[in-house]
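Chemist: Sequence first, predicted coordinates after that:
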Amino acid sequence: MKKITSHFFALTLVLLVASCSKDDAPSEGSSTPAVNDDPIPGMFQKNVLIEDYTGTWCGWCPRVAYSIEAVKTATTKSVAVAIHGGSASEPMRYTGSLPIEIQGYPTGMLDRTVEWVYPENTHINQAKNLSRNNAGLGIAMNSTVSGGNINLDVKIKFAKDLTNTKLVVYLVEDNLVYNQTNYTSFYGGTSTISNFEHDNVLREALTSINGDALTGTTTGQTITKNFTLTLPTNVTNAANLHFVAFVIGSNGGAINVREALPNVDQSFEQNP
């Protein structure tokens, strides 16, 4: 597999050569078929969560970034988070614990528990088809970001009884510009993509990265969780922040996910 393993430091140059070695060769269709999903009144739009384990040093990682762009072109029901790591010198490295033990870079995870099939760019439908019209819960956020302070309310509304649910909330940043190593034919095929714009970069988890337990998760109930914090020091520009919130179920998979810009009061994406 053409991934740089997470033991990058111990093996250094050897793994850099043998590493993220997946190319952008074609493959056959998606492993996730489309389904009939007519909207049911009272249920919620279900968005797909894409967690991209990546790094500026990883030459095969632009393939997943390109694939995320393709998913966003194909559907408005996707939310991406880029979790940078794999090297101590990675300029956007997320230093917290990870929710899974990945085998190498790049790795794309869908709804937290499903690995995006390689090559991701020919399996766009695998991600797209995980979006649905009928989730059992919806998420809406309301935030203010001002004067170096963040105040965020995350509201979760339930259309069915759910148990053993947990909330994960991310603070992410867009428009971070760094050179990106590139072994793919994407983005012009150059070996280094100069001044590449990195979006959806995870800056901080406001909950446990494995989620904080929720109670009162029964039909018709709305739960509100508040987060108040000062702007993290690793944030480059507060104007480029946004929030990602998702609820995971007892199997660890994301039931639903939503993203929100600062200073926006969202409504629930509930079917009429």
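Modeler: Nice, thanks for sending it over. Numbering: from 1, shown residues only.
Chemist: so Gly211 makes contact with Ile248?
Modeler: Yes - counting by C-beta atoms under 8 Å, Ile248 is a contact partner of Gly211 at 5.2 Å. Placement of C-beta: from N, CA and C, glycine included.
Chemist: Now do the shared contacts for the two.
Modeler: Listed as contacting both Gly211 and Ile248 by C-beta atoms under 8 Å, 6 or more residues apart in numbering are Lys166, Val168.
Chemist: more crowded one of these two?
Modeler: The neighbour comparison of Gly211 against Ile248 (other C-beta atoms under 10 Å) goes to Ile248, with 24 against 21.
Chemist: pLDDT score for the more buried one?
Modeler: Looking at Ile248, its pLDDT reads 98.
Chemist: Quick check: beta-bridge partners of the residue positioned nearest the centre of the chain?
Modeler: Nearest residue to the geometric centre of the chain (C-alpha atoms, centre = their mean): Val81, 2.8 Å. Partner residues in beta bridges with Val81, using DSSP bridges, are Glu51.
Chemist: and Trp60, helix, strand or coil?
Modeler: Secondary structure state of Trp60, per DSSP: H, G, I helix; E, B strand; the rest coil, is coil.
Chemist: what do you get for the one 5 residues further on?
Modeler: The local conformation at Ala65, judged by three-state DSSP, is helix.
Chemist: ok, now the one 3 residues further on?
Modeler: Of the three states, Ile68 takes helix according to three-state DSSP.
Chemist: which ones are touching it?
Modeler: Ile50, Asp52, Ser78, Ala80, Gly108, Asn200.
Chemist: Nearest to Gln221 among those residues?
Modeler: Relative to Gln221, the closest of those is Ser78; by C-beta to C-beta it sits at 26.9 Å.
Chemist: And the strands in the stretch 101-250 of the chain, which stretches?
Modeler: For the stretch 101-250 of the chain, the strands defined by DSSP state E, counting those that start in this stretch occupy 107-110, 114-115, 132-135, 137-146, 149-158, 166-173, 176-181, 192-198, 201-205, 212-213, 222-230, 241-248.
Chemist: mind listing what the last one pairs with, with the direction of each?
Modeler: Read it as strand 241-248. Paired neighbours of strand 241-248 in the sheet (DSSP bridges): strand 166-173 (antiparallel), strand 254-260 (antiparallel).
Chemist: For Phe227, find the nearest of those.
Modeler: Taking C-beta to C-beta, strand 166-173 is the member of the strands paired with strand 241-248 nearest to Phe227, at 6.4 Å.
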